[in-house]
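Colleague: Show me how the following folds:
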Amino acid sequence: MNCLSLNCRGLGNLDAVGGLRNLIRREAPAIVFLCETKLGSRDMNKIISKLVGYKGVSVDCVGRSGGLAFLWREEVSCTFRASTVHFMDFDVEHEGMTWRCTGFYGWPAVQDRHLSWRQLRLLAAEGGGPWLCLGDFNEVLFSTEMKGGTRAQWQMNNFRDAVDEIGLGDLPFEGYMYTFDNGQEGLDNRQCRLDRAMVNEGWRDLFPYAKLIHLDREWSDHAPIKVVFDGRNGAELRGTKKFRFEHIWVGEDGCEEAVRAGVGKGDGELLGSIEGCAKELVEWKGISIGRILRELNKKRRYLKKLNEGDRGPWQVKERRRVVGEISQLLRKEERFWRQRSRAIWLKDGDRNTAFFHRKAGQRKRKNFIAKLVDSSGRVVDNTAAISACAVEYFRNLFSTDSPSGIEEAVRG
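Modeller: Numbers count the residues shown, from 1 in each chain. Just a heads-up that it's a prediction; the model follows:
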């Protein structure tokens, strides 16, 4: 299970909405908190309705700023507590555990920042047991959480005093420290850690292996943050991949030539032509369409480097170019998941990648062995132990300690 939080900086254009859908598809969060949607509830609810498998509520923006949304997967139970234009508060129940989750958006103006800390204290006074509070606090705790610019010490002190008083502390995080970048060049560039996830001791006891991951910025000037409830690494069993013709190959340079070459190797035989096509497409895929998903990962790694460090004119321009190329690749990736889902009754223009990925993910989960119980009743959940348990089971199934009547069985 994991939770996601992002300052969207507006969801009024298709690229931002597409980026959000792709982010949710990639990370598969159980809970999502969004701030600065800059949308009214009606428009935000339209976006939520196309995220298949999710429910959600939203808070209207004020003029052209603000706007919040809180989303959760259907299998998670979320009970509304309260909300304003600066927070959304829920009780969460999942897999027998109950805890409190608050999405928080701090006052952006310095002169109003004291209202953020007052609001946090009021929320803490309501109690509620294990508590996770995440979002954009619009403030840093320490000067080391800034790169470029200055900040008055009293601002940071007030934030620290508030969270110390109410018993909230940071989760350990991974990734680039600064979650916000103003996108300016050179000496005008400002980076800081405004987005964070804080928990009380009760929540930390409930999820002792939890950690926070700072994901990479794409269309927003804020990085998404993801709370992983169990940060321990798991294991997975993988089989040999079958050949499948991918719909995203159609129209790509080289695809038609590969098919023609494959048909020519069949010598007029249907099965031979099919085999020939498969072989030619596999070879072509390695140097052509197969690069689409690899290129997406490559560009995200490059974007990660551009998101870090100083901001010269070239770096700002290059980042915009890379973000545009990522958007184009995401459209191709959407077609890929559409075919994998086998849900071909939806139109190509629905742009509902989350639904397609969920359908494909359901099939993958059916074929995935997460754990087994061995002959001694012990649960095993790592790759080597699962393999050994399966081999032992079938060896015992097809053998016996004292076989008898073998000759009769052989003679029939």
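
Colleague: which residues in the stretch 1-150 of the chain form helices?
Modeller: 14-27, 41-49, 113-125 (DSSP state H, counting those that start in this stretch).

Colleague: Deepest-packed of those, please.
Modeller: Comparing the helices of the stretch 1-150 of the chain by mean neighbour count (mean count of other C-beta atoms under 10 Å), helix 14-27 ranks first with a mean of 19. (C-beta placed from N, C-alpha, C; glycine too.)

Colleague: mean confidence score for that helix?
Modeller: On average, the pLDDT along helix 14-27 is 91.

Colleague: Contacts only, for the nearest residue to Ile166 once chain neighbours are set aside.
Modeller: The spatial neighbour of Ile166 that comes closest, neighbours along the chain excluded (C-beta to C-beta, 6 or more residues apart in numbering), is Ala124 at 3.6 Å. By C-beta atoms under 8 Å, 6 or more residues apart in numbering, the contact set of Ala124 is 131, 166-168.

Colleague: same check, this time on Asp89
Modeller: 80-83, 100-103, 123.

Colleague: thinking again about what came up before, now do the residue nearest to Ile166 against Glu74, distance only.
Modeller: Ala124 sits 30 Å away from Glu74, going by C-beta to C-beta, to the nearest Å.

Colleague: picking that back up, in CSV, list the contacts of Ala124 along with pLDDT.
Modeller: Listed next are these as CSV, based on pLDDT from 0 to 100:
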residue, pLDDT
Trp131, 96
Ile166, 95
Gly167, 94
Leu168, 96
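
Colleague: so which of the residues you listed is the most crowded?
Modeller: In terms of neighbours by other C-beta atoms under 10 Å, the contacts of Ala124 top out with Trp131 at 24 neighbours.

Colleague: Is it correct that that residue is in contact with Phe104?
Modeller: No. Using C-beta atoms under 8 Å, Trp131 makes no contact with Phe104, being 11.3 Å away.

Colleague: Buried residues in whichever strand or helix holds Gln155, which are they?
Modeller: If you go by DSSP states H and E, Gln155 is part of helix 153-166. Residues of helix 153-166 classed as buried by neighbour count (16 or more other C-beta atoms under 10 Å): 156, 159, 162-163, 166.

Colleague: other SSEs contacting that helix?
Modeller: Packing contacts for helix 153-166, counted by 3 or more C-beta pairs under 8 Å, 6 or more residues apart in numbering; DSSP states H and E, involve helix 113-125.

Colleague: what does the average pLDDT come to for the helix it packs on?
Modeller: Mean predicted lDDT for helix 113-125 stands at 96.

Colleague: Also stretch 371-389?
Modeller: Here stretch 371-389 scores 77 as its mean pLDDT.

Colleague: ok, and for it, which residues are buried?
Modeller: Those would be 372, 380, 385-386, 389, for stretch 371-389 by 16+ other C-beta under 10 Å.

Colleague: swap in stretch 132-146?
Modeller: Buried residues in stretch 132-146, counted by 16+ other C-beta under 10 Å: 132-141, 145-146.

Colleague: quick one: terminal-to-terminal distance for it?
Modeller: From its first residue to its last, stretch 132-146 covers 24 Å (C-alpha to C-alpha, to the nearest Å).

Colleague: from the middle of its chain, how far away would it be?
Modeller: Stretch 132-146 has its C-alpha centroid displaced from the chain centroid by 21 Å (C-alpha atoms, centre = their mean, to the nearest Å).

Colleague: for that stretch, what is the average pLDDT?
Modeller: With pLDDT averaged residue by residue, stretch 132-146 scores 96.

Colleague: In this protein, where's the longest helix?
Modeller: Longest helix in the chain by number of residues, with DSSP state H as the criterion: helix 313-341.

Colleague: Report all helices and strands that that one contacts.
Modeller: In this structure, helix 313-341 makes packing contacts with helix 14-27, helix 291-307, helix 353-366, judged by 3+ C-beta pairs under 8 Å, 6+ apart.

Colleague: go again using 6 Å as the cut-off
Modeller: Identification of packing neighbours for helix 313-341 by 3 or more C-beta pairs under 6 Å, 6 or more residues apart in numbering; DSSP states H and E yields helix 291-307, helix 353-366.

Colleague: any idea which of those helices scores lowest on pLDDT?
Modeller: It's helix 353-366: among the helices and strands packed on helix 313-341, that one has the lowest mean pLDDT, namely a mean of 55.

Colleague: Count the neighbours of Glu246 for me.
Modeller: Close neighbours of Glu246, defined as other C-beta under 10 Å, add up to 17.

Colleague: Show the contacting residues for it.
Modeller: Glu246 makes no contacts at all, as judged by C-beta atoms under 6 Å, 6 or more residues apart in numbering.

Colleague: who touches Lys55 in this structure?
Modeller: Contact analysis of Lys55 by C-beta under 6 Å, 6+ apart lists Trp72.

Colleague: If it is in a bridge, with which residues?
Modeller: Trp72 (DSSP bridges).

Colleague: Identify the residue spatially nearest to Ser375, adjacent ones excluded.
Modeller: Nearest one to Ser375, counting by C-beta to C-beta, 6+ apart, is Glu392 at 6.5 Å.

Colleague: Figure out the helix or strand that that neighbour lives in.
Modeller: Here Glu392, judged by DSSP H and E, is contained in helix 383-397.

Colleague: Grab the CA positions of that helix and hand them over as PDB.
Modeller: Extracted in PDB, the C-alpha atoms of helix 383-397 (Å, rounded to 0.1, in the frame of the first residue of the first chain):
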ATOM      1  CA  THR A 383      11.800 -16.400  -4.800                       C
ATOM      2  CA  ALA A 384      14.200 -19.200  -3.800                       C
ATOM      3  CA  ALA A 385      11.900 -20.600  -1.100                       C
ATOM      4  CA  ILE A 386       8.800 -20.400  -3.200                       C
ATOM      5  CA  SER A 387      10.600 -22.400  -6.000                       C
ATOM      6  CA  ALA A 388      11.800 -25.000  -3.600                       C
ATOM      7  CA  CYS A 389       8.300 -25.400  -2.000                       C
ATOM      8  CA  ALA A 390       6.700 -25.900  -5.400                       C
ATOM      9  CA  VAL A 391       9.300 -28.500  -6.500                       C
ATOM     10  CA  GLU A 392       8.900 -30.400  -3.200                       C
ATOM     11  CA  TYR A 393       5.100 -30.400  -3.500                       C
ATOM     12  CA  PHE A 394       5.100 -31.900  -7.000                       C
ATOM     13  CA  ARG A 395       7.900 -34.400  -6.100                       C
ATOM     14  CA  ASN A 396       5.900 -35.700  -3.200                       C
ATOM     15  CA  LEU A 397       2.700 -35.700  -5.300                       C
END
